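Novice: Give the three-dimensional model of this entry:
(one chain, ligands or ions: 1)
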Amino acid sequence: MRLTPEQAAEVWASADCLIPAPAMAKALDQMAAAISADLAKLNPLLLCVMTGGVVTLGQLLPRLAFPLQVDYLHATRYDGNTQGGDNLRWLVSPRTPLSGRHVLVVDDILDEGLTLAGILAHCQEAGAASVRSAVLVKKLHDRCVPGLRADYCGESVPDRYVFGYGMDYHEYLRNADGIYAVAGQ
Ligand SMILES: O=P(O)(O)OC[C@H]1O[C@H](OP(=O)(O)OP(=O)(O)O)[C@H](O)[C@@H]1O
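Specialist: Numbering: from 1, shown residues only. Purely as a prediction, here's the structure:
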């Protein structure tokens, strides 16, 4: 489905704000403290999962006061839709060699988990010394890949389609400064 900017504005105007920006800032503070406690001495490589992970990574970085490196990957299974396909499509792999590195995968949302599971497997296969994951939100339902959980998670959201803080609705609304749920979804 192709959305017009006018339709995107209507979706935003009628959406329910689930978690406002001040609460997200607190959640990010807590995530950053936990990440710092575990990774400050490990010279970690943070991998941003494009596109949705860009806000989470951008908000975390200034909260992390230790030496680290940043790279990105692009893997998608939603392709701008609100239903994910079965296959994770790899568009860009990390440029930095992962072998021997302590990797932290940073994404916006853990929903059904196929995306994160595929990325974690890729990092392990590439020889990372350790692989952890940080997601800004996880969605509460029982459809997630069994046994998969993020090491660091900011907030939980109900089983509705959400946007904001990097998460899109048909490629719009990633810039919403809060976590919103689409009305009726
Ligand atoms: O847990 P899952 O059900 O696999 O879904 C989570 C993934 O879905 C979104 O990516 P998407 O494929 O929509 O690409 P995007 O980051 O460009 O929005 C989101 O950014 C996560 O990477």
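Novice: Okay, helices next: where are they in the protein?
Specialist: 5-14, 21-39, 53-60, 114-125 (DSSP state H).
Novice: Same list (the ones you listed) but as TSV, adding mean neighbour count, mean pLDDT and distance to Lys139.
Specialist: Every residue, glycine included, has its C-beta placed from N, CA and C. Compiled in TSV, the helices of the chain are given as follows (neighbours: other CB atoms under 10 Å; pLDDT from 0 to 100; distance: least, CB to CB, whole Å):
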stretch	mean neighbour count	mean pLDDT	distance to Lys139
helix 5-14	13	98	18
helix 21-39	16	98	15
helix 53-60	22	98	15
helix 114-125	18	97	12
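Novice: Reformat the ones you listed as TSV; add distance to the ligand.
Specialist: Shown next, in TSV, are the helices of the chain (distance: least, CB to the nearest ligand atom, whole Å):
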stretch	distance to the ligand
helix 5-14	14
helix 21-39	16
helix 53-60	6
helix 114-125	3
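Novice: Make a markdown table from those helices and add distance to Arg160 to it.
Specialist: Shown next, in a markdown table, are the helices of the chain (distance: least, CB to CB, whole Å):
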| stretch | distance to Arg160 |
| --- | --- |
| helix 5-14 | 13 |
| helix 21-39 | 17 |
| helix 53-60 | 19 |
| helix 114-125 | 18 |
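Novice: Any idea which of the ones you listed gets closest to Leu73?
Specialist: helix 114-125 (6.8 Å; CB to CB).
Novice: Run the chain-centre distance for that closest one.
Specialist: Taking CA atoms, centre = their mean, to the nearest Å, one finds the center of helix 114-125 at 14 Å from the center of the full chain.
Novice: If anything else comes up later, I'll come back, but that's it for now.
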